[in-house]
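Student: only geometry, no sequence info:
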Ligand SMILES: Nc1ncnc2c1ncn2[C@@H]1O[C@H](COP(=O)(O)OP(=O)(O)OP(=O)(O)O)[C@@H](O)[C@H]1O
């Protein structure tokens, strides 16, 4: 058995040291005994090794290393020579690493380039692991990882493509749109130029939707191009259309090319955090599909996949082949697992209110849903706020995403006049009646606790106010009745808990009254965002008192300041640690919000939401559901 390699001394030809009879001695190589050859080899290995180590460690280890190599090689290859092996090394790699580290610390050395690189690699590995978790089972099995965005047949019209990047940027600046990402598709100022089919354009016009809002102006071209994206925009800024239209166009194209047959589909899915929101999105999409059908396009079928609807009905629609699914995560997961639906041809996944979804503990469900995809998908994520968890989630699930941001994530809608009043608990209910006089109906009253919702509702009924109530403890029928009668203006006041009304689009809400201040500033932003929609102005009145945590009051104070609203004396009087942090120290001079929840009044170290998450984790809870223990996307 030879121990030589091409980099070492010439082959010793030890065993063929005989001479030919013709006296050809030029090739003669003197015989080197095996032990000598090995020693020479050990010396070379040791000298190479020592070159890589600081001198002291090399000196300490060199001999041992030589002996160690020697011992191992000889025991493997030359066992009769065990005597020469000497003692085995007592310094293993871990000990060497420890020794090296100690020396670096002792000499005050900074991290070596190598260490930095290793750290970098570990991070990449970690990101890779996360990415893998979100890949589908088939992708995992085949080791597939997508690195390029999806392609679609859509492209901007020639005159838009002819514009310079500076011109695109000017348009973005005009509408306060900030984009991040590679090769961002251009913003397009009109729906017509986006190549949206005429019947849809006419329908939008009939709904008084004539020009795209900023999030649509940039978000639609990004999504039409097939790019993964994260859209962040104020509440009520038209996000629903921005993620629904790309799916409708995709479905239309698929159906045009090869009509779906029984049991096929969907081509895309929209996930919503609550049944009500899913239903609302479903109704919007269905209305557009009807318009298309009336104009002679093929019928696009949409399935509403939420709890409270009989599986049988859903199965009936599915059997015809369904193009689009609007779902809550729980029910969709259930249907996938029971193989009542499959993602064999599914290419589009949208998460509406992604922040809510993660908050409500649906992260695992969403990961599981993602694992059912068979092919690369386009992932579109919309969120009014952008807490850290969503950023991590997006980073791990999206391919070369484009971030489209209109305003600071988590900022309040500037079309809402925010009034904050100090009202003691015992005076609230009486004062509520007074507040209801501020504007004409419809008015939304929010309370965190479902018992308060019930109490307020009963009180208003006693006082002759046409009110309805909605919270997680109500049945599906009760919830639907309340929303229907409020939306159709049959009832003037809707009293609601957060979970039942998140993201719901009620037209023309004049006034939002926060009977209590929610525990998290994001909820406050969502609540007041129910008014001031579609460019109209609304009022939000919020009752605060000493029962509110100082943290949330500080967040509120900063939010009011950011939106140029009046700050009541009670908030001004608060001792504010953020006052000592000048925004001039912050890169770009921008307001710095908590990286976990987006609150402006504190840093992540004091984040109440993070603390609550930790407590929930320690208690072994997933954090799913709301304060009432209600699951938004329950089966
Ligand atoms: N381009 C537009 N012009 C005028 N109105 C629009 C436009 N796009 C959407 N709307 C209308 O604005 C209202 C709010 O839209 P939407 O519900 O999509 O907001 P949102 O951004 O999803 O809000 P939230 O974050 O609160 O859910 C809807 O009634 C919708 O019909």
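Tutor: Sure, I can see it. Since this is a predicted model, take the numbers as computed values, not measurements. Numbering: from 1, shown residues only.
Student: Return the distance of residue 380 relative to residue 364.
Tutor: Applying CB to CB, to the nearest Å, the value for residue 380 to residue 364 is 20 Å. Any C-beta I mention is one placed from the backbone N, CA and C, and that applies to glycine too.
Student: so residue 505 sits right up against residue 238, yeah?
Tutor: No. With contacts counted by CB atoms under 8 Å, residue 505 stays clear of residue 238, the gap being 9.7 Å.
Student: With neighbour numbers in mind, choose between these two.
Tutor: residue 238 (21 against 18; other CB atoms under 10 Å).
Student: before we move on, which element is the closest residue to residue 192 other than its chain neighbours in?
Tutor: Once flanking residues are discounted, residue 192 sits nearest to residue 201: 6.2 Å by CB to CB, 6 or more residues apart in numbering. Assigned by DSSP states H and E, residue 201 belongs to helix 198-206.
Student: mean confidence score for the next helix-or-strand element following that helix?
Tutor: Next helix or strand after helix 198-206 toward the C-terminus (DSSP H and E): helix 214-224. Throughout helix 214-224, pLDDT has a mean value of 96.
Student: averaged over its residues, what pLDDT does the helix or strand that comes right after helix 214-224 have?
Tutor: Following helix 214-224 in sequence order, the next helix or strand is strand 229-232 (DSSP H and E). Across strand 229-232, the average pLDDT comes to 91.
Student: How about the next helix or strand along the chain from strand 229-232 and the ligand, any contact?
Tutor: Using DSSP H and E, the helix or strand that follows strand 229-232 in sequence is helix 239-257. Yes. Applying CB under 6 Å from any ligand atom, one finds helix 239-257 touching the ligand at 239, 240, 241.
Student: Return the member of the residues you listed nearest to residue 188.
Tutor: Taking CB to CB as the measure, residue 188 sits nearest to residue 241 out of the residues of helix 239-257 next to the ligand, at 14.0 Å.
Student: Distance check, the closest residue to that closest one other than its chain neighbours against residue 292.
Tutor: Of all residues not flanking residue 241 in the chain, residue 216 sits nearest, at 6.0 Å (CB to CB, 6+ apart). Look at residue 216 and residue 292: by CB to CB, they are 19 Å apart.
Student: now do residue 509
Tutor: 30 Å.
Student: Between those two, point out the one with more neighbours.
Tutor: residue 509 (25 against 21).
Student: Surely the more buried one and residue 439 touch.
Tutor: No. Residue 509 is not in contact with residue 439 according to CB under 8 Å; the separation is 9.4 Å.
Student: For residue 380 and residue 364, work out which one has more neighbours and name it.
Tutor: A count of neighbours by other CB under 10 Å puts residue 380 above the other of residue 380 and residue 364, at 27 against 12.
Student: Which helix or strand contains the residue lying closest to that one once chain neighbours are set aside?
Tutor: Excluding the flanking residues, the one nearest residue 380 by CB to CB, 6+ apart is residue 350, at 4.4 Å. Element membership of residue 350, judged by DSSP H and E, is strand 348-351.
Student: hmm, the helix or strand following that strand touching the ligand?
Tutor: Going down the chain from strand 348-351, the next helix or strand is helix 354-359, by DSSP H and E. No. Helix 354-359 does not reach the ligand (CB under 6 Å from any ligand atom); its nearest approach is 9.6 Å.
Student: Next secondary structure element downstream of helix 354-359?
Tutor: Counting by DSSP H and E, the element that comes right after helix 354-359 along the chain is helix 363-370.
Student: quick check: angle from the next helix or strand after that following helix to helix 239-257?
Tutor: Counting by DSSP H and E, the element after helix 363-370 in chain order, helix or strand, is strand 378-383. For strand 378-383 against helix 239-257, the angle by axes from the mean of the first three to the mean of the last three CA atoms, to 10 degrees is 160 degrees.
Student: on that earlier part again, for the helix holding residue 201, give me every contacting residue.
Tutor: Contacts with helix 198-206, where a contact means CB atoms under 8 Å, 6 or more residues apart in numbering, come from 191-192, 210, 241, 245, 248, 287-288, 291-292, 294-295, 297.
Student: and residue 154, what does it touch?
Tutor: Shown in contact with residue 154 (CB under 8 Å, 6+ apart): 195, 224, 225, 226, 249.
Student: roughly how far apart are residue 265 and the ligand?
Tutor: Distance, residue 265 to the ligand, by CB to the nearest ligand atom, to the nearest Å: 24 Å.
Student: Chain neighbours aside, what residue packs nearest to that residue?
Tutor: Leaving out its chain neighbours, the residue that sits closest to residue 265 by CB to CB, 6+ apart is residue 322, at 4.4 Å.
Student: Equivalent analysis for residue 321, please.
Tutor: If the residues on either side of it in the chain are set aside, residue 321 comes closest to residue 260, at 3.5 Å by CB to CB, 6+ apart.
Student: if I pick the one residue in the stretch 301-450 of the chain that gets nearest to the ligand, what's in contact with it?
Tutor: When scored by CB to the nearest ligand atom, the stretch 301-450 of the chain has residue 384 as its residue closest to the ligand, at 4.7 Å. Neighbour list for residue 384: 232-235, 239, 353, 355, 409-410, 522, 525-526, 529 [criterion: CB under 8 Å, 6+ apart].
Student: Farthest pair within those?
Tutor: Pairwise distances across these (CB to CB) peak at 15.5 Å, for the pair 239 and 522.
Student: Quick check: residues of the stretch 351-500 of the chain near the ligand?
Tutor: Residues of the stretch 351-500 of the chain lying near the ligand (CB under 6 Å from any ligand atom): residue 384.
Student: before we move on, what about the stretch 501-635 of the chain?
Tutor: Residues of the stretch 501-635 of the chain lying close to the ligand by CB under 6 Å from any ligand atom are 503, 505, 507, 529, 533, 534.
Student: Look at the closest residue to residue 576 other than its chain neighbours and say how many residues are nearby.
Tutor: Using CB to CB, 6+ apart and skipping the chain neighbours, the partner closest in space to residue 576 is residue 554 (5.9 Å). For residue 554, the tally of surrounding residues (other CB under 10 Å) stands at 23.
Student: Find the nearest non-adjacent residue to residue 214, please.
Tutor: residue 175 (3.9 Å).
Student: per the record, what domains does this structure have?
Tutor: 14-75, 137-406, 416-618 (automatic domain parsing).
Student: And the ones you listed, which one averages the lowest pLDDT?
Tutor: domain 14-75 - the lowest mean pLDDT of those, at a mean of 46.
Student: contacting residues around the residue nearest to residue 235 when sequence neighbours are not counted?
Tutor: Counting by CB to CB, 6+ apart, residue 235 lies nearest to residue 529, which is 2.4 Å off, once chain neighbours are set aside. Residue 529 is in contact with 234, 235, 236, 384, 412, 413, 416, counting by CB under 8 Å, 6+ apart.
Student: now do residue 227
Tutor: Residues in contact with residue 227 (CB under 8 Å, 6+ apart) are 149, 150, 181, 185, 378, 400, 401, 402.
Student: try 7 Å this time
Tutor: For residue 227, the contacting residues are 149, 185, 402, by CB atoms under 7 Å, 6 or more residues apart in numbering.
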